[in-house]
Each structure stands twice: as structure tokens, then as C-alpha cells.
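> pasted the sequence and its predicted model underneath.
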Amino acid sequence: MTIAKDLERSQQEWVEIEYPPSDLESQELPLESELHLRQLLLLIQTLEYLWKDRQDFYAFGNLTIYYSPNQKKSEYFRGPDFFVVLNTERKPRKSWVVWEEDGKYPHVIIELLSNSTAKVDRTEKKQIYQEIFRTPDYFWFSPDTLEFQGFHLVDGKYQDIHPNEQGWLWSQQLQLFIGIYEHKLRFFTPEGTLVPTPEETAQTTQQKLELERQQTEKLAAKLRELNIDPDSL
């Protein structure tokens, strides 16, 4: 692909040059629907919660990635629905500007399919992520139909990621499974445990405390039946 070769040549030329920082705003439009927005927020929230003690990644979505070798915001830009960059500083950004980020592109991209974007996500964007971004792990998911597919870059070409018995796909970059749970795309640990949201963690903790309280009350009642005052123990 000519554009890919031209960009690669240009990128090699400017990667060693230091440019003054810019402040490019994201140009992305609102997501297709409430389902798409909730799915995006869920991906961001759960990964950031899982990696809350890490400071070496950036995970966000619906944010413009500028990758023009000429440093022009008017050319060569894309806005993945969700992406993760590894080995970078964890800090807020208005956009991802490749020439200000040591030439780094996303290591993982997830596109949320919709009627208006599905064709581009499956073709044009897939080719750009393969040929130019060279993003190792690329997935797409439809919050409406639950269509889910993933690809891993092998020798410069995307190869299908085969699902496990649960239908989950392995992300080599994240070292996590990605799969559908209750009609939403979720992360799973290598051991198969669902990566929870903070709310789910709090709910689980509350349930454990309630179970312990009930067990304590049952034990106290049993002791009283035996004429033993549990408070005296």
C-alpha cells in the first residue's frame, strides 16, 4: 500500500526530531447511542480499576489520534472508539498526538460497530490499523447485535484470534481475555475471573459482610439454645 510506505518513510524522518508541544483538540463526534456510550465507559472504567496501581498506560476512547508526519491536524487522523497505549505516561489528554508521544500508536483498539460505521471499521480502519498504526490487537464489537471479532498482527498482517471455550478472545497486549458478559463486552483475567467495576467490587464486599453477619447470628442463636451466653465468650 503506497500511503503506508510513504508514511513509514516520513515517520522515520521525523521520529528523531524534537517538536514544540501543541494542544490539538479531539474532533470526534458523539457516539451512536446510549448503548455505545455505556459500553465505552465500561471498558475504560474496568481497565483503569484493574490497573489502578499502574502509571504506565493510557486508556481512553472516542478521542482523535493525530498521526500526520507533517504535524497537520487537517490530515491523517482517526478516532478509535476505545484504545490503549502501553509504556506511556498515565495523564489526561485532549487528543493523542503521535509526534508528541515518542511516535507511539495504540497497542489495542476496540471499535464499537454501528449502522453508520460498521463497513469502515471492517475495511478502511482495519487496513489503517494494520498498515500504518501497526496496532497488535484489533477488535470490533456491536452493542446491538453482539457481533464480536478480534485480530492479532502477525508478520504485518491481521490474523483472526480464535475464541476459547467461553467464546472469549485473548489480547496478548493486555494479557487479558475479552468476551461478552450480560450483553456487554468485558475483560477477564487469565484465570477466567471477570474484571469488576468499582461498584461490583463494593457490592461483592457488602454481600460477604452480610453473609458473615448472618452466620454470626446463627452461631449466637445456637449457643443460646445450649444456655451459653455468646457475649461471655
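Cool, the structure landed. Numbers count the residues shown, from 1 in each chain.
> what's the neighbour count on Leu113?
24 (other Cβ atoms under 10 Å). Heads up, the C-betas are built off the backbone N, CA and C, glycines and all.
> so what's it up against?
Asp121, Arg122, Trp140, Phe141, Ser142, Pro143, Asp144, Thr145, Glu147 (Cβ atoms under 8 Å, 6 or more residues apart in numbering).
> now do the contacts for Asp81.
Contacts for Asp81 (Cβ under 8 Å, 6+ apart) come out as Leu31, His36, Leu40, Gly61, Asn62, Ile110, Glu111, Leu112.
> all helices for this protein, in order.
Using DSSP state H, the helices of the chain run over 2-14, 34-50, 118-122, 124-128, 198-225.
> got the domain ranges for the chain?
Domain ranges of the chain: 2-195, 197-233, per automatic domain parsing.
> for these, which one ends up most surrounded?
domain 2-195 (a mean of 16; mean count of other Cβ atoms under 10 Å).
> if I look at Arg78, how far off is Tyr66?
The gap separating Arg78 from Tyr66 is 9 Å, by Cβ to Cβ, to the nearest Å.
> same question but for Gln39, I mixed them up
For Gln39 relative to Tyr66 (Cβ to Cβ), the value is 25 Å.
> in the chain, which spans are strands?
For the chain, the strands defined by DSSP state E cover 57-60, 65-66, 77-78, 82-86, 96-97, 108-112, 137-141, 148-154, 157-160, 169-171, 176-181, 184-188.
> in CSV: those, plus distance to Asp229.
Conversion of the strands of the chain to CSV gives the following (distance: least, Cβ to Cβ, whole Å):
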stretch, distance to Asp229
strand 57-60, 55
strand 65-66, 68
strand 77-78, 71
strand 82-86, 58
strand 96-97, 65
strand 108-112, 59
strand 137-141, 59
strand 148-154, 59
strand 157-160, 67
strand 169-171, 56
strand 176-181, 47
strand 184-188, 48
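> great, nothing more from me.
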